[in-house]
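Peer 1: no sequence for this one, just the structure:
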Ligand code: SF4
Ligand code: SF4
Ligand code: SF4
Ligand code: FES
């Protein structure tokens, strides 16, 4: 099968065989919000922030293959409300105190909250879990209060670094990401690993020591524009 | 032509650092413009401690960490037509809410007090007591966001929000034209 077309919010776009809705949207300069998906990593389809309606059915754009003639809804008030609920729940599930977080301004979760207009207190209760901080490694710290279990570090370590430093443990609400060892210093994690790089962890959980506030608050990634603006910019060009 | 009556504003700092009140002063010279539209009732800025009459707008910095905060907040709800939370402390507890979960304890309040007054490494507390003077307001078990205590009408996010955002929001509210924030201006830091 060769290239084919489908529509996103009424705009016709071209997709290649084997592309997901999100891949094709990215190429066309249409941003679909996402948290667990990251360029260069295998798709997981876990966070559902990329939910779109494809011919009326809710699907995750990062895993759903594009198909000829598909009608996709992406930026609608209804879908963005669903996405905002998901993002709010992530804030409530962990301990997110942005004003003291060194990821603030570079954090994709926070930036998603901005994009989805999350300004008011929500109706969900804060779960306020007790979660550990692992500062055992000389160059890396893990503050799991902020982990959203997106699994990006797991895939990056396994597939790119060929290591397996991180893995999921527990089930259901208790499922979380943990280092594959007594603590991080008992793994072969290195600060030069792709899994540890700033682009992999979307939040402030994986911390590279001693560089925390090198860039001041107010001059960081998402102070320069809404999350996704680089993808939408392709379209404006 | 008769002058429009000025909107009456009251403000309070609850469990906050006063940074949000300082941020209101970041409105700078536009304060003069704003003062043609508003006048202040009870507020740390006027040092008036109780409501002199009903107010149009109440602005709350900080969440509730003690009994007194709750009483003040309820008093504001009772005496203000529109109640605005300003800053992350008011909206979600903010920095004081660190004591709710981050202390990693079943009794976070006790652990927090013991760390602050007894066990902390840099403490010079010769009595080794946790202060318990009856004049001190009773601490709550947790720090609560304002919306967990009373209904809030609007919230201005940020820590602290910029003078620009505060000015824009207040001006639009006074003109009856506030329709939410520009997404590009939303910040939690
Ligand atoms: S990880 Fe992101 S959302 Fe969580 S506290 Fe840090 S900046 Fe805020
Ligand atoms: S540590 Fe970061 S990258 Fe890994 S699962 Fe948690 S949030 Fe995702
Ligand atoms: S939101 Fe920030 S600036 Fe405002 S009172 Fe709280 S800590 Fe201070
Ligand atoms: S980005 Fe698609 S499910 Fe997370």
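Peer 2: Arrived safely. Everything quoted here is computed from the prediction, not taken from an experiment. Ligands and ions are numbered 1, 2, ... in the order given.
Peer 1: got the buried residues for stretch A:116-126?
Peer 2: Neighbour-count burial for stretch A:116-126 flags A:116, A:118, A:119, A:121, A:122, A:126 (criterion: 16 or more other CB atoms under 10 Å in any protein chain shown). Yep, even glycine has a C-beta here, placed from its N, CA and C like the rest.
Peer 1: so the last one touches residue A:92, yeah?
Peer 2: It stands for residue A:126. Yes. Counting by CB atoms under 8 Å, residue A:126 touches residue A:92, with 5.2 Å between them.
Peer 1: which residues does the spatially most central residue of chain A contact?
Peer 2: Nearest to the mean C-alpha position of chain A, by CA atoms, centre = their mean, lies residue A:35 at 1.9 Å. If a contact means CB atoms under 8 Å, 6 or more residues apart in numbering or on different chains, then residue A:35 has A:47, A:49, A:87, A:90, A:108, A:109, A:112, A:148, A:150, A:202 as its contacts.
Peer 1: So among the buried residues of stretch A:116-126, where is pLDDT lowest?
Peer 2: For those, the weakest pLDDT value sits at residue A:121, with 76.
Peer 1: and it, what does it touch?
Peer 2: Residues in contact with residue A:121 (CB under 8 Å, 6+ apart) are B:85, B:91, B:92, B:145, B:146, B:147, B:148, B:152, B:155.
Peer 1: Tabulate those (CSV), appending secondary structure, pLDDT and neighbour count.
Peer 2: Output for these, formatted as CSV (DSSP: H, G, I helix; E, B strand; the rest coil; pLDDT from 0 to 100; neighbours: other CB atoms under 10 Å in any protein chain shown):
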residue, secondary structure, pLDDT, neighbour count
B:85, strand, 98, 30
B:91, helix, 96, 25
B:92, helix, 94, 28
B:145, coil, 95, 23
B:146, helix, 97, 31
B:147, helix, 95, 19
B:148, helix, 94, 16
B:152, coil, 97, 23
B:155, strand, 96, 25
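Peer 1: among these, which are within reach of chain A?
Peer 2: With CB under 8 Å from any CB of the partner chain as the criterion, those include B:85, B:91, B:92, B:145, B:146, B:147, B:148, B:152, B:155 near chain A.
Peer 1: Just confirm residue B:118 contacts residue B:125, I think it does.
Peer 2: Yes. The criterion here is CB under 8 Å, and residue B:118 meets it with residue B:125 at 6.8 Å.
Peer 1: Model confidence at the residue nearest the centre of chain B, what's the number?
Peer 2: Residue closest to the average C-alpha location in chain B (CA atoms, centre = their mean): residue B:61, at 1.1 Å. On pLDDT, residue B:61 comes in at 98.
Peer 1: got the contact list for it?
Peer 2: So residue B:61 contacts B:11-14, B:16, B:18-21, B:86-87, B:89-90 (CB under 8 Å, 6+ apart).
Peer 1: Show me those that map onto helices.
Peer 2: B:19, B:20, B:21, B:89, B:90 (DSSP state H).
Peer 1: do the helix or strand of chain A with the lowest mean pLDDT and chain B meet?
Peer 2: Least confident helix or strand of chain A, by mean pLDDT, DSSP states H and E, is helix A:229-236 with a mean of 86. No. Helix A:229-236 lies out of reach of chain B by CB under 8 Å from any CB, never closer than 9.5 Å.
Peer 1: After the helix ranked longest in chain A, which helix or strand is next?
Peer 2: Longest helix in chain A, counting residues (DSSP H): helix A:77-93. Per DSSP states H and E, helix A:77-93 leads on to helix A:108-115 as the next helix or strand towards the C-terminus.
Peer 1: Which residues does whichever helix or strand comes after that following helix contact?
Peer 2: Downstream of helix A:108-115, the first helix or strand assigned by DSSP H and E is strand A:133-134. Under the criterion CB under 8 Å, 6+ apart, residues A:141, A:142, A:143, A:144, A:145, A:179, A:183, A:184 lie in contact with strand A:133-134.
Peer 1: burial of the residue of chain B found nearest ligand 1, as a residue count?
Peer 2: Here the residue of chain B nearest ligand 1 is residue B:188; by CB to the nearest ligand atom that distance is 6.1 Å. Neighbourhood size, residue B:188 [other CB atoms under 10 Å in any protein chain shown]: 26.
Peer 1: Residue B:36 too?
Peer 2: 10.
Peer 1: With adjacent residues omitted, what lies nearest to it?
Peer 2: residue B:6 (7.9 Å; CB to CB, 6 or more residues apart in numbering or on different chains).
Peer 1: Surely the one you found touches residue B:37?
Peer 2: Yes. Counting by CB under 8 Å, residue B:6 does reach residue B:37; the two are 6.2 Å apart.
Peer 1: how about the strands of chain B, start to end?
Peer 2: Applying DSSP state E to chain B gives strands spanning B:7-13, B:38-40, B:55-61, B:64-66, B:80-86, B:139-144, B:154-156.
Peer 1: so where's chain A shaky on pLDDT?
Peer 2: Where chain A drops to pLDDT under 70, the residues are A:1, A:236-237.
Peer 1: So which residues on it come close to ligand 4?
Peer 2: A:34, A:35, A:36, A:37, A:45, A:46, A:47, A:48, A:49, A:50, A:60, A:62 (CB under 6 Å from any ligand atom).
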